[in-house]
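K.L.:
What follows is a predicted structure for the sequence shown.
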Protein chains: 6
Amino acid sequence: MRIFLTREGSKRRKDTVNKRLIAIILRNNQVISLEKVKIGVFKCGNIGASPIFELLLDELAERKDIKVRTLTTGSKMGVEDIEEALPKIFEFNPDLIIFVSPNPAIPGPAKVREILSNKGVPSVVISDSVAKRIKNILEEQGLGYIIIMGDPMIGARREFLDPIEMAIFNSNIIKVLAITGVLRILHQEIDRLIAVLKEELTVTLPRLVVDTDNIRDNSDFQNPYAKAKAMAAYEMTKRVAEIDQRACFVEKEKDKYVPLVACAHELAQAAARLAEEAREIEKYADTLARKPHSKSGKPLTKTKLMLPPTVDEEIYRKWLKTSRL
Amino acid sequence: MRIFLTREGSKRRKDTVNKRLIAIILRNNQVISLEKVKIGVFKCGNIGASPIFELLLDELAERKDIKVRTLTTGSKMGVEDIEEALPKIFEFNPDLIIFVSPNPAIPGPAKVREILSNKGVPSVVISDSVAKRIKNILEEQGLGYIIIMGDPMIGARREFLDPIEMAIFNSNIIKVLAITGVLRILHQEIDRLIAVLKEELTVTLPRLVVDTDNIRDNSDFQNPYAKAKAMAAYEMTKRVAEIDQRACFVEKEKDKYVPLVACAHELAQAAARLAEEAREIEKYADTLARKPHSKSGKPLTKTKLMLPPTVDEEIYRKWLKTSRL
Amino acid sequence: MRIFLTREGSKRRKDTVNKRLIAIILRNNQVISLEKVKIGVFKCGNIGASPIFELLLDELAERKDIKVRTLTTGSKMGVEDIEEALPKIFEFNPDLIIFVSPNPAIPGPAKVREILSNKGVPSVVISDSVAKRIKNILEEQGLGYIIIMGDPMIGARREFLDPIEMAIFNSNIIKVLAITGVLRILHQEIDRLIAVLKEELTVTLPRLVVDTDNIRDNSDFQNPYAKAKAMAAYEMTKRVAEIDQRACFVEKEKDKYVPLVACAHELAQAAARLAEEAREIEKYADTLARKPHSKSGKPLTKTKLMLPPTVDEEIYRKWLKTSRL
Amino acid sequence: MRIFLTREGSKRRKDTVNKRLIAIILRNNQVISLEKVKIGVFKCGNIGASPIFELLLDELAERKDIKVRTLTTGSKMGVEDIEEALPKIFEFNPDLIIFVSPNPAIPGPAKVREILSNKGVPSVVISDSVAKRIKNILEEQGLGYIIIMGDPMIGARREFLDPIEMAIFNSNIIKVLAITGVLRILHQEIDRLIAVLKEELTVTLPRLVVDTDNIRDNSDFQNPYAKAKAMAAYEMTKRVAEIDQRACFVEKEKDKYVPLVACAHELAQAAARLAEEAREIEKYADTLARKPHSKSGKPLTKTKLMLPPTVDEEIYRKWLKTSRL
Amino acid sequence: MRIFLTREGSKRRKDTVNKRLIAIILRNNQVISLEKVKIGVFKCGNIGASPIFELLLDELAERKDIKVRTLTTGSKMGVEDIEEALPKIFEFNPDLIIFVSPNPAIPGPAKVREILSNKGVPSVVISDSVAKRIKNILEEQGLGYIIIMGDPMIGARREFLDPIEMAIFNSNIIKVLAITGVLRILHQEIDRLIAVLKEELTVTLPRLVVDTDNIRDNSDFQNPYAKAKAMAAYEMTKRVAEIDQRACFVEKEKDKYVPLVACAHELAQAAARLAEEAREIEKYADTLARKPHSKSGKPLTKTKLMLPPTVDEEIYRKWLKTSRL
Amino acid sequence: MRIFLTREGSKRRKDTVNKRLIAIILRNNQVISLEKVKIGVFKCGNIGASPIFELLLDELAERKDIKVRTLTTGSKMGVEDIEEALPKIFEFNPDLIIFVSPNPAIPGPAKVREILSNKGVPSVVISDSVAKRIKNILEEQGLGYIIIMGDPMIGARREFLDPIEMAIFNSNIIKVLAITGVLRILHQEIDRLIAVLKEELTVTLPRLVVDTDNIRDNSDFQNPYAKAKAMAAYEMTKRVAEIDQRACFVEKEKDKYVPLVACAHELAQAAARLAEEAREIEKYADTLARKPHSKSGKPLTKTKLMLPPTVDEEIYRKWLKTSRL
C-alpha cells in the first residue's frame, strides 16, 4: 500500500562512513548527501493540524538530526500565491516535503501537488476529510498522504468568524487532535520517514486515512473509557466538518447558516472538553503516555510522570522494518 | 512613544491615482509601489501567538488588500538557521515584516533584529515577557514591538514535554490569548499598520507591552465579571511563564523540575478554562463582540449574533489619526 | 403535505350542542361521539421518546379533555407479541392512536402499521431515523408520522449494556430531546390533533421529520447561543445513532464494537450535558419558556418564572387553521 | 420478612420434565403451566422508576424466558381509569403482576391493590416514600412491595411544570435511581421472582424499603467515595420528595410554592450530576460493574470493560435459596 | 416576638450631646456610656458561622463605631472551659454579647446561657438546628437567638475527620451560608442591634430561626433560578446536619458510620458548588448585590459592579423602627 | 535554624513521675508544671489561616492533652486594641502562644511581637507573605514563625468587599490552604511543639516560609498530577496576594482597582476549584491521606477510607528528635 523509492547501495555507504553524512537516491537517480534530514513544510490555507505541525517534530527544540523550514501563504490558497511561494521551499534542498492544506482538490493546492509530483522529492500531503475523494490521484502522483477525517473546516461566515473566534476554534481542534492521538500518528509517521531517510532505507510514503478506528485500534490510552471519550470527541469534530461544509457552501440565508456555524463551533468546544476529560482520566491513574524526541531523534516513551523516558526500541524497529519491504 | 518613518508627499500621490498603486518611502528613501500590502512574517522558535499569527489577519481568507508570506525555522532558533532562512523573506519584497519569536535577546533572534534593523523595511517584533528587558535596544534598532507578558514559555523538559503535551499547551495558551483580547490587540495593531501603509501615511510602529492592564482598560468585554475572569486567566499565564522559566533554567534535579513543569501546564489548562468561562458570560447575554475583516480589509464590528457586522469607522479613523502625528 | 380525513358537518353539531360531546367521522365514514378524546398509545421496543411519551400530554395529570391508555410489549418487537397485545388497544375505542417504536420497517412494527392502516383510527407513528426510509409507505398507509432523527439506537451489546447503562442512556436521550425542543414539537403535534378532534375539524395527520433544522427554525430558545448548543447536542445524538447502528449491526468482533458502543454512550452523556448548558442559559436570563397544559387542554405559555402562564391563543389558532385546509 | 405462597410439589415436576414447561401453584391452589414467565405491568400515575421499568428486565430485548405486557393510564390515577384499564392486564394471564404507582393509598391505586389482592396472582407494588405508611396494609393484602424512598414527587404546579420540565425531571431521577443502584435492586428483585417462578419454587414476595442504607450496604461501587457521592445523590432526591410534597400540598400562594418547586428541581438536577460523578469514578478505575441479562435470563456480571461477562452463579444461588425458606 | 429592654430617657441625652457618647440603660437599670459599641463574642465549639463571625461586622476593618473582642475555647465545650474563659469577656465591658456555639442545650453552653442571662448584658445566641428545641428556654432566659437550620454538624468520626477534612467542610459550609444570604441575615441583625444601641433605642433582641423560607422570602437574589439554586444548596446543608447527627450519635459500627459521614461531606461539597453556581448567575447579569459597611457603620448597598455603593436608608429606617415598638 | 530554650533536667523529672505533670523551664528560668499543654492563641486582623486555626489542633474536640484559649480583636489591628486585649491571654498562663495576623510589621502586630518577645512564653507568629521581610527581626525577638506565602490579602475595597464577598474569599482560601497541605504543615508544626512540651524536651520554635516548594517536596499527595494541580492552586493564591496588594495600596482610581480586586477574587475561586480537583484525584484512587488526632494527641494516619487510622510513629519520633538537637 505504499510507493517505493529506488536507491543505490554500496557506493553511497562509503561516503557516510567517512563523513557521517546520510545519502539518499531519489526516483530520478539524484543522490543527495545530508548531515541532517532537511524537511520542507509548505502550508497554504489552514487545517487544525497546520499551526503547530512542524513543532510536533521537535517539541524540545533540541533535536540534532533534522532541519525544518516552513513556508506558508497564510490563509490564502490561490494559484498565484502557490506559484510565487512554493519554489522557495526547494531552495532549501529538502529531503522530504510535507504539504499541509485543506481540500487539496481545488486549483491552488492542486498546483502544489502537481509541482511536488514533478520534483521527485518524497512528499506527503496532510489534509482534511475532503481529500479522501482524491486518494487515487494522490497515489498516482506518487504522493504520500495523511488524511485527517476529524480535522474540520472552520465556520467561515463573516457574521460569525472573526480572528478571535478563528483562534479559539483552532485551539479546540488542536486539543482534540492532540489528545485523541491523531497528532501522535502524524508525528510518528513523519518520524518514521526521517528514520528511514537517516538509515538510507527505502522510503515508503504513508497512505493513511485517520478515522475513529485508528483511535480505537491504535492509541496510547490505558483506560478504555478514556479511549471511548476520545473517540466520541473525534466523532464530534467529524460532525463539525459536515455542519460547517453545509453552512459555508449550501445554506445561502444568514438566518440559516449563522446558527449552523455557531452550532458547529459549540460542538468543537464540547469536543475539546470531552477530549480533555479523557486525558484527565489517564492523569488520575498516572498512566498518561509521553513520547518525547531524544536529541538524536530516537523515539522515547514513558508513562509514570516521575520516572524518566526510555528509548522505544519496538516502534523504531517497526519503522525500519516497514521500510525494508 | 512611536518611531516615525519619514515620507515624501505629492509626487507619490499621482502614481497611486493613476495606477491604484500604493507607494511608500522608507527611512532609506527607497520608494515602493504596491498593489497589495505585502506582509512578510518570520518566525523562529515558538510562542503562543506564533502558530495562528498570520491567520489573525485574514481569518476568512477573503481579504483583497494584503498578501502574507510566512517563513519559519520550526522550533529552532540557531544563528545558522536564521542566516539561511531569513533572507528568503526579502525575496517577497515585503512592505512590512513581522518577526515572531520568544526571547529576542539570544543570538539567533538577535541576528534577526540586526538584519531587520539594517534592511529598513518597517518591522515589528512580537515576543514574550523576556523581551521586556531589551525594549530600549528594540527602540534604538528602529523596530516596533508588541511584548505579550502572558505568553509563557513552555515546560521544556524531556521527562514531561512530548509533541502532544506541547500541542495541548499551545492550545491552552492560544485560547487565553484569544479570549482575553490579547490577539485582538495584536491583529488590530497590524491592521492599523496595513491601513496606514495603504493610505500612504507615516508608519508609526507599535511599542506595546501587553499586560493585564490592557485587558482591564481596553477590552471588548461588556460584563465586568467576564473581564475580571479574563484578567485572572491572563495573570495565570503570566505565572506559568515564571514557573517554567525556573523549571527550565534554574532547577537542576528531575524531582524538582518535573513537578514544576507539570504545575505550570495545569495552570495553563486552568487559565484556558477560566478564559472560556469569561467568554461564555458574554454569550449568555448575547453581547459577545465580533470584529471580522471585510474583503477590503476594513474593520467590521458586531455584537448580537443574529445581526450583521458593520464597518467600525471609529477605530479606523483612530488608526489613521495616530499615524498623522 | 398532510393526509386529510373527510368529515360530515351539520348533523354532528347538534349532538355536540346538546350533550357537550365531540363527534368525528373517520375516513370509513364511521361517526364517533366522545366526551373526552381517547388516545391509545401502543409501544413496542423502545426509543428515547417512548418512556415518557404519554406523560407529555398531561404532565400535571389534571387535564379533563383526554383519556390515555398505553399498552406495551416491553423491549420485545416480535410479530406474535404484536398480535397478542395490539388488539387490546382497540378495546378502549381510541379516537387517536399513537404508535411508538424504533425501526418500523421490521416485521413486528410492520404488522402494527398494517393493522393500524386497516382499522382506520387516525394513527401516528413516532419513530427514529431508520423510519425515514419508509416515509412513502407510511403515507400510503394513511399513517401520520413524526420521525425523530436524533433519537438514537442504544448500544445493545451484552458486553456493555446492562439495565443500569440502558436506563442512563435513556435518561440522557430524554434530556436532549426535552431541552432541544423535540419533545415540544412532539406534544404540540399531538395536542394539535386533540384540539382538532375536539373541535370536530378535519384531522390532518403530521408528516414530520424532526432534524436539527427544526430546532434552528422553530424553538423556544431566546438566546442564540443556547439554541446553537442545543443544535449541537442534537447533532451529537444523531451521531450516536450512526455509531450504535454500526456497532450493533456491522462490527462482529468484541474488540471492535465494545469501544464503539462505549463511545456512543459517552457521546450521549456529553450531549445531555451540553443540552443542560443550553437550558441553563435561558434560566440565567429568566427567559426560559414554559408551556403547560391547562385543565381544559388549552395550550398555556409563559417565560418569567414568577409570572403566571397565559393561554397561547396564537398557536391554538394556528393549530385549528392548519386543520381547515 | 416475606410472605409465602404455598405450592404443590411432585406432581407438577413430571409435567415440566416432559414438556419443558414451568408450572406454579398459587395460594388459591390454581396450577399454571408456563413456557415463559408472563409479567403483567400496570402503571397509573408516574414515579421515576415507572418510565423504563419493564425495559430493566430485558435491556437487550433478547431474553427468551419472559414475556412482558404493560398497561398504563398515563398520568391519571382515577378509580374509573383503573376500573377500565386494569382488567385487561389479566387477559394476558400473567404469572406475576407488577404495579407501579405513586402514593398507593389514594383511591385509584387503592382500588388496584384491592383487585390484585383478590385475584391471587403474585403481585408486587413499586411505589414512592408515601407508600411506607401503608406497609402493613400491603402485607395484609398479600402484596409484595418495593418502596423507593428517593423516588420523589414532581413539582406539579402549573406555573412551573410543563411537558419539558416534566421530562427533564424524570431524566434526572432516572439517572439517580440507575447510578445509585436502586434500579439494580429493583430489577434483581424481579429477576429473583422470575427465577423462582421458572424453578417452580415458593414465591417469596419482596418487602423492601429502599433507603440510603441499601446503597451503603449493598451496592456495586468499588470506590468508597463513589458510593458516598451516590448516597448523597440519593439523600438529595429524598429531600426533593419532601420539598415537592410541601410545595404541592401545603403552600397555597404562588410566591411561596413556585420557588419551592424550582428549588426541588434544581436539587434533582444537582443530584443527577453528583450521581454521574460517582459513576465516572468507577469508569476512571475501570471497575464499573455491569450485570446484563443472558438470553436465558441468567444474571451475568463483569467489571473490566474489555472483558466479557460471566454468569453470576452466586447471586442466582442466593435467589433460589431465599425462596426455599 | 421580641424581648424589650426598658430604658431611661432625658438624662442620658445630655451626656450624649456634650460628649458624643452613647449611653444605654439595661434591664437592671444600669447605665452605660459608650464611645463605640463594644461587642463581646464568645465561642465554644464550632459551627459554620463561627470562624468568620466577627469579620462579618467589619469586613473592611475600617468601621469606627464598634469594637469587637472575641474569646473562644477552641473546639472544646466543657463546663470548666466555660467557667475559666467566659468571665474574661465581661472584663471588656461589652454592650452586646454574641454567643456562638453548636447545641446550646448541653452542659457547657447551658452554663454560658445561665451566666449571660444573669449578667443582663443584651446577649444573642447563634446556634444550629439542635437549638430549636430550646427556643422557649432561650426566650425565658431573656436571650436573643438566631438559629441557623442549615449550619450542620461536622462528620466527627476519627476514621474520617482530620484537620484538613474539617477545614474543607467549614470552607464549604461558609460558602453556602454566605451565598444563600444566611450570613447577610446574621450580620444585618447584629448591625441592627448596633444601630439601636448607638441611637439609644430599645434593644429588641432577635428571635430568628433561619430556614429555607427566609432565603425564599428575603434574599438579595435578582434571578429566581439563582434563588432556587441557593435554596436547594441550603436544603442540602440541612440534610448534612441530619446525616451527621445519625452518623455521630446513632450508628455504632464503623462500616455503617464512615460511609455516612463521607456522604454528608460530599453533600456539603455539592451544596457549595450549587451555591457558587447561584452566585455566578447574578454575576452573569451584573446584578450581584453588595452591602458593605461604611466607616460610620451605616449600611451601604449596590448592584452593578462598576458603580459605587450608596447608603441603604430604607433598611436603616426599618431597623430603627422595629426598635421603637 | 531554630532558637533554643534552655531547660533544667533532674529536679523536674521527679515532679512529673509523681504527678504525671509536665514541667518546662523557659528562658527566664521560670518553671511551669502542666497537666495539659495550654495554648494561647491571639489573633488580630485576619488571614486565611486564622478563622479555623485552633480547630486544626483538635478537630474532633476529644483531645485530652491540650487546652486552647483564643482571643481576637476582630478585623482591627490597632495598637490600642492590642494593648487592651493581649494581656488577657496571659491570664490563662499559656505554655505556648500562637499569634496569627497579617503583616506583622505594622504598629499593632509589632506591639504584639514586642510583648511576646518580652514575656518569654514560647511564641510562634503565623502570618502572610508580607512577613517575610521581617524574618530577621522575628528571629532576633526569639519568636518562631510560619509564613504562608499563599495566604493572600483580601480585596479590601468598599466598592467590592462586603461581608458576603469576604466570607466567600475566606472560604476559597481555606480550601486552598487545606487541600494543598499548608494547613497540614501548620498543625503538625504546632503538634510537634505540643509533643515536645509534653515530653519536657527543648522547644525548637519553627522558622518556616511555606512556599510552593513545600507542597512539592513534602505533601500527602500520592498522585503526581494531583500534586501539580495543588501547586498550581497555591501559585494562584500567591498571585492573588500580589494583585490585591496593588489594588489596595497602589491604584487610586476606582476604575483601576475595582477590576483588580474582582480579578483577584476570581483567581481565588478558580484556585479553590483547582485544589478541589486535586483532592478528588486522591479520592478517585482511594489514596487520600487522613491524619486525625488521637485522644492522647498522638498523630494518627490512614489512607484507604474504610480502614482505621494507626499511630504515625515515624513522624512522632521525628518530632522528638528534631527537638533533641
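P.N.:
Right, received. Where do you want to start?

K.L.:
tell me the contacts of residue A:170?
P.N.:
A:46, A:48, A:51, A:154, B:51-52, B:55, B:174 (C-beta atoms under 8 Å, 6 or more residues apart in numbering or on different chains). In short, each C-beta sits where N, CA and C put it, glycine included.

K.L.:
of those residues, buried ones?
P.N.:
A:46, A:48, A:51, A:154, B:51-52, B:55, B:174 (16 or more other C-beta atoms under 10 Å in any protein chain shown).

K.L.:
Now do the one residue in the stretch 51-200 of chain A that gets nearest to chain C, the pLDDT please.
P.N.:
Closest residue of the stretch 51-200 of chain A to chain C, C-beta to the nearest C-beta: residue A:160 (9.9 Å). With respect to pLDDT, residue A:160 scores 98.

K.L.:
residues touching the most centrally placed residue in chain A, list them.
P.N.:
For chain A, residue A:186 is the residue whose C-alpha lies nearest the centre (C-alpha atoms, centre = their mean; 4.3 Å). Going by C-beta under 8 Å, 6+ apart, residue A:186 touches A:49, A:53, A:56, A:126, A:146, A:148, A:177, A:210.

K.L.:
In TSV: these, plus secondary structure, neighbour count and pLDDT.
P.N.:
TSV is the format used below for the contacts of residue A:186 (DSSP: H, G, I helix; E, B strand; the rest coil; neighbours: other C-beta atoms under 10 Å in any protein chain shown; pLDDT from 0 to 100):
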residue	secondary structure	neighbour count	pLDDT
A:49	coil	25	96
A:53	helix	24	98
A:56	helix	24	98
A:126	strand	28	98
A:146	strand	23	98
A:148	strand	29	98
A:177	helix	30	98
A:210	strand	26	98
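
K.L.:
Any stretches of chain A with poor pLDDT?
P.N.:
A:1-35, A:323-325 (pLDDT under 70).

K.L.:
Dump the host helix or strand of residue A:231 to PDB, restricted to CA.
P.N.:
Of the helices and strands defined by DSSP states H and E, residue A:231 is found in helix A:224-245. Extracted C-alpha coordinates of helix A:224-245, given in PDB (Å, rounded to 0.1, in the frame of the first residue of the first chain):
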ATOM      1  CA  PRO A 224     -11.000   2.100  27.900                       C
ATOM      2  CA  TYR A 225     -13.400   4.800  29.000                       C
ATOM      3  CA  ALA A 226     -10.800   7.500  28.300                       C
ATOM      4  CA  LYS A 227     -10.400   6.000  24.800                       C
ATOM      5  CA  ALA A 228     -14.200   5.900  24.400                       C
ATOM      6  CA  LYS A 229     -14.400   9.600  25.300                       C
ATOM      7  CA  ALA A 230     -11.600  10.400  23.000                       C
ATOM      8  CA  MET A 231     -13.300   8.600  20.200                       C
ATOM      9  CA  ALA A 232     -16.500  10.500  20.900                       C
ATOM     10  CA  ALA A 233     -14.600  13.800  20.800                       C
ATOM     11  CA  TYR A 234     -13.300  12.800  17.400                       C
ATOM     12  CA  GLU A 235     -16.700  11.900  16.200                       C
ATOM     13  CA  MET A 236     -17.800  15.300  17.200                       C
ATOM     14  CA  THR A 237     -15.100  17.100  15.200                       C
ATOM     15  CA  LYS A 238     -16.000  14.900  12.200                       C
ATOM     16  CA  ARG A 239     -19.600  16.200  12.600                       C
ATOM     17  CA  VAL A 240     -18.300  19.800  12.900                       C
ATOM     18  CA  ALA A 241     -16.800  19.200   9.400                       C
ATOM     19  CA  GLU A 242     -20.100  18.200   7.900                       C
ATOM     20  CA  ILE A 243     -22.100  21.100   9.500                       C
ATOM     21  CA  ASP A 244     -19.600  23.700   8.500                       C
ATOM     22  CA  GLN A 245     -19.400  22.400   5.000                       C
END
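
K.L.:
wait, does the helix or strand hosting residue A:283 make contact with chain B?
P.N.:
Assigned by DSSP H and E, residue A:283 belongs to helix A:254-284. Yes - residues of helix A:254-284 are located near chain B by C-beta under 8 Å from any C-beta of the partner chain, namely A:254-255, A:258, A:262, A:269, A:272, A:276, A:279.

K.L.:
helix or strand right after that helix?
P.N.:
Per DSSP H and E, the helix or strand that comes after helix A:254-284 is strand A:300-301.

K.L.:
can you list the residues of chain A near chain D?
P.N.:
Within reach of chain D by C-beta under 8 Å from any C-beta, chain A has these residues: A:223-225, A:281, A:284-285.

K.L.:
And those, which two are furthest apart?
P.N.:
Maximum pairwise distance among the residues of chain A next to chain D (C-beta to C-beta): 14.0 Å, between A:224 and A:284.

K.L.:
more neighbours, those two?
P.N.:
residue A:284 (24 against 19; other C-beta atoms under 10 Å in any protein chain shown).

K.L.:
Tell me the spacing between that one and residue D:225.
P.N.:
12 Å (C-beta to C-beta, to the nearest Å).

K.L.:
picking that back up, any idea which of the residues of helix A:254-284 next to chain B is the one closest to residue F:73?
P.N.:
Nearest member of the residues of helix A:254-284 next to chain B to residue F:73, counting by C-beta to C-beta, is residue A:276, at 46.8 Å.

K.L.:
wait, that closest one sits on residue B:269?
P.N.:
Yes - Residue A:276 is in contact with residue B:269 according to C-beta atoms under 8 Å; the separation is 7.4 Å.

K.L.:
out of the two, which sits in the busier spot?
P.N.:
Taking other C-beta under 10 Å, residue A:276 and residue B:269 do not tie; residue B:269 has more neighbours (24 against 21).

K.L.:
show me what contacts the nearest residue to that one once chain neighbours are set aside?
P.N.:
Distances taken as C-beta to C-beta, 6 or more residues apart in numbering or on different chains place residue B:172 nearest to residue B:269, at 5.4 Å, with adjacent residues excluded. By C-beta under 8 Å, 6+ apart, the residues touching residue B:172 are A:171, A:175, B:265, B:268-269, B:271-272.

K.L.:
And for residue A:281?
P.N.:
Residues near residue A:281 by C-beta under 8 Å, 6+ apart: A:223, A:225-226, A:229, D:283-284.

K.L.:
Can you name the residues of chain A sitting close to chain F?
P.N.:
A:283-286, A:288, A:304-306.

K.L.:
Which two among the residues you listed are spaced furthest apart?
P.N.:
A:284 and A:306 (15.4 Å).

K.L.:
related to what we said a few turns ago, pull out the buried members of the contacts of residue B:172.
P.N.:
A:171, A:175, B:265, B:268-269, B:271-272.

K.L.:
closest to chain C among those?
P.N.:
Nearest to chain C among the buried ones among the contacts of residue B:172 is residue A:175, at 14.7 Å by C-beta to the nearest C-beta.

K.L.:
Looks like the closest one contacts residue B:168 (just checking).
P.N.:
Yes - between residue A:175 and residue B:168 there is a contact under C-beta under 8 Å: 6.0 Å.

K.L.:
check contacts around the residue located most distally from the centre of chain A.
P.N.:
Distance from the C-alpha centroid of chain A, by C-alpha atoms, centre = their mean, peaks at residue A:255 (35.7 Å). Residues in contact with residue A:255, defined by C-beta under 8 Å, 6+ apart, are residue B:306.
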